[in-house]
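Asks: pasting the structure only:
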């Protein structure tokens, strides 16, 4: 099924949102300026690189009786990593220069007038190589556990709720080889209360159900209100789910507050992933009996039920939609107090406040009350870099005061000491695989990273490896946002390769595709990334390419043909021939039957992680320049 056929067209309402200042006021501006208009790096260098007091780093003024902790998009990184935020984060004009599309100095100055080094390191790419020497690796579940336990000790466990917004089981060799179970055990030790899914579906129905049962035994609930049975039956209409495959919501009580939590899985699973996942020596599938979608029309009744029938004090929407979809939902649906989001990997150091019915909320530490809207939108980045926390004071079923913070999970005992129980669990899980994962393959001369809108150096390495083995004219690599960063001079190990390729359908397939098919595929991917309507996006980045040069338009009229986004396209330096067949290699799956019908019988398909590892064994040393095959008009 084509993507645009699958996603229903919705009202293209403009968003008006506030985050300290109006996002509308910030559109088109490069950044906030200090009194002399200086850039981030020019503002008091000594203060910029000041040493951070660990005690001050984790200071937090408590508010009310309720604490929500949250993580998202860990992508199975149980141990600390380096992860550089994007230097390029493009968006259509109506979304540009707003949270979710900020990067570099512009992004830092949007949030902070005088940023310190920790904020710069964790929230941007600015001086990443230099700052990594001071702050080291990020994340790690043993560090995360220490912070979570510290918050519980301060606030008392009965006042805390811990939410995981998903993309937790997938993204590493350990996640892949244990069918996500290693992460399930870590979630249980973290005492996660509620989770929502996305990549969890790619392990297949049997593994998914097995892992859910394991979580439920530890009192962790798995929610996804937007996955329904295609055909109703007496069996799947039971348990008050009204045809839903999973529980749509749950009710928790913490700190004297009754909380209704609606869970939202990733809505576009059948078009973002293939139905049959035939890799890693076994065949699994996503159920064809399930239907996915945003299902916005179902929200009002769920909210009504929670507020009127269940008498909850607070409605939380735990969402794996992505930031732009969540903004649109918050601007059009009444009755949601907080959206805790994920999927797009956005670290939001301050809560975004979505305009709705006016009411007064007092921010902790703010000099005066602020007139803001009905929904707070928060998200905790990715790869375990942050533990999100929001404290709330609730009166008469309304938020009257809150305080919010992203704790940086700094993998350095100067700042955080690892939780011994979690560390032992992680070490035991890795022990059978340490030798294989630790194999040294090559050395990188430059920074290897993935996360940028259009291209990244590690993905360039992947497409070059595939090109070397299959001698294809064109290579596609998916626009995934997950995957750590390797510093110049780092040894590249088998673990590192899996950290960028560990999916259940990693096979490299080779096709004969006409120039017209190639152009149409790329136009559709571009429309996914840059459509002005959030509901017609999937929250990923653009596919990484080898052998292709493009001249693009990011912004086209809403009713224009999507082919208008491609101004010029060349293959191997020559103008695209729409009628000619090109040899094309793709990994990361496809759901397009027209492509599948053009599959080559040879050369033999192999998983991308094997192809890349073998290439590195032969290459020994890699130096990947920043790709520059895309131009804009």
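Replies: Structure's in. What do you need? Computed from a prediction, not measured in an experiment: that's the story for all the values here.
Asks: Who are the packing partners of the host helix or strand of residue 584?
Replies: Here residue 584 sits within strand 581-587, counting by DSSP states H and E. In terms of contacts (3 or more C-beta pairs under 8 Å, 6 or more residues apart in numbering; DSSP states H and E), strand 581-587 is packed against helix 457-470, strand 474-477, strand 508-514, helix 515-530. No exception for glycine: its C-beta is placed from N, CA and C like everyone else's.
Asks: Just the angle for it relative to helix 515-530, thanks.
Replies: Counting by axes from the mean of the first three to the mean of the last three C-alpha atoms, to 10 degrees, strand 581-587 lies at 40 degrees to helix 515-530.
Asks: residue ranges with poor pLDDT in the chain?
Replies: Residue ranges of the chain with pLDDT under 70: 1-52, 232-241, 277-284, 356-373, 590-594, 596.
Asks: Could you list the domains of this structure?
Replies: 3-8+16-428, 438-632 (automatic domain parsing).
Asks: how about those in a markdown table, adding mean neighbour count?
Replies: Below are the domains of the chain laid out as a markdown table (neighbours: other C-beta atoms under 10 Å):
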| stretch | mean neighbour count |
| --- | --- |
| domain 3-8+16-428 | 19 |
| domain 438-632 | 19 |
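Asks: Pull the contacting residues for the residue lying closest to residue 183 once chain neighbours are set aside.
Replies: In this structure, residue 183 finds its nearest non-sequential neighbour in residue 169, 4.6 Å apart by C-beta to C-beta, 6 or more residues apart in numbering. By C-beta atoms under 8 Å, 6 or more residues apart in numbering, the contact list for residue 169 reads 76, 175, 180, 183, 184, 199, 200, 203, 211.
Asks: same thing with residue 494?
Replies: 173, 436, 437, 438, 439, 441, 613.
Asks: Mind checking which of the residues you listed land in strands?
Replies: When strands are assigned by DSSP state E, the members of these inside them are residue 441.
Asks: which of the contacts of residue 494 sit farthest apart?
Replies: 173 and 441 (13.6 Å; C-beta to C-beta).
Asks: hang on, residue 509 packs against residue 587?
Replies: Yes: counting by C-beta atoms under 8 Å, residue 509 does reach residue 587; the two are 7.2 Å apart.
Asks: mind checking the SS state of residue 158?
Replies: Recorded secondary structure, residue 158: helix (DSSP: H, G, I helix; E, B strand; the rest coil).
Asks: That one against residue 255, yeah?
Replies: Yes: between residue 158 and residue 255 there is a contact under C-beta under 8 Å: 7.2 Å.
Asks: Tell me where the stretch 51-200 of the chain has helices.
Replies: For the stretch 51-200 of the chain, applying DSSP state H, counting those that start in this stretch gives helices covering 54-57, 104-111, 117-123, 128-135, 141-155, 173-177, 181-190.
Asks: out of those, nearest to residue 505?
Replies: Nearest to residue 505, of all those, is helix 173-177, at 10.9 Å by C-beta to C-beta.
Asks: which other residues reach that closest one?
Replies: With contact meaning C-beta under 8 Å, 6+ apart, helix 173-177 is reached by 75-76, 78, 169-170, 182-183, 280, 429-430, 433, 437, 494-495, 498-499, 502-504.
Asks: how close does residue 629 get to residue 572?
Replies: Here residue 629 is placed at a distance of 11 Å from residue 572 (C-beta to C-beta, to the nearest Å).
Asks: Surely residue 124 is in contact with residue 103?
Replies: Yes: Residue 124 is in contact with residue 103 according to C-beta under 8 Å; the separation is 6.7 Å.
Asks: shared neighbours of the two, anything?
Replies: Contacts common to residue 124 and residue 103, judged by C-beta under 8 Å, 6+ apart, are residue 85.
Asks: Can you tell me what sits against stretch 291-305?
Replies: If you take C-beta under 8 Å, 6+ apart as the criterion, stretch 291-305 is touched by 8, 10, 225-230, 248-249, 262, 264-270, 315, 321, 325, 329, 332-336, 535.
Asks: make it 7 Å
Replies: Here stretch 291-305 makes contact (C-beta atoms under 7 Å, 6 or more residues apart in numbering) with 225-228, 230, 248-249, 262, 267-270, 315, 321, 325, 329, 333, 335-336, 535.
Asks: just checking, which of the residues you listed belong to helices?
Replies: Among those, the members found in helices (DSSP state H) are 269, 270, 325, 329.
Asks: Which single one of these is nearest to residue 556?
Replies: Checking those against residue 556 by C-beta to C-beta gives residue 325 as the nearest, at 20.8 Å.
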